[in-house]
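Q: All I have is the shape, not the residue letters:
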């Protein structure tokens, strides 16, 4: 059973940057797609960014141009570089792995426990 562990969250001022990491216990090459989702208090969990095994990406409109998802197969890690952060980016960010589909629009079957990102002055 693969495990996904997120790190890199924290408190940052508006306009700041953070880089989230998602480390897999095994090989991320076993996943057809991996991505990041987030959930703010009182809101549904939403897609942030997803990358397929072959590098196809999908981003939420709200983060396009500010966030970048990438994967390092050698390190079995997926990253989310977040620039120009806004207070509305505040949420728990979850790593997701899809072992069943290449789709970059729906979540897969593996979830991490989440890491808190707070954007506030």
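A: That came in fine, so what should we check first? In this text, all values refer to a predicted model and were calculated from it rather than measured experimentally.

Q: Please list all residues in contact with the residue sitting nearest the centre point of the chain.
A: The residue at the geometric middle of the chain, judged as the C-alpha nearest the mean C-alpha position with Cα atoms, centre = their mean, is residue 36 (2.3 Å). With contacts defined as Cβ atoms under 8 Å, 6 or more residues apart in numbering, the neighbours of residue 36 are 20, 22, 48-50, 69, 78, 80, 93-96. In short, each C-beta sits where N, CA and C put it, glycine included.

Q: cool, residue 113 as well?
A: With Cβ under 8 Å, 6+ apart as the criterion, the residues that contact residue 113 are 5-6, 94.

Q: possible to save these as TSV with neighbour count?
A: Formatted as TSV, the entries for those read as follows, by neighbours: other Cβ atoms under 10 Å:
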residue	neighbour count
5	14
6	22
94	22
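
Q: how close does the residue nearest to the centre of the chain sit to residue 48?
A: Spatial separation of residue 36 from residue 48 under the definition Cβ to Cβ, to the nearest Å is 4 Å.

Q: Sounds good, over and out.
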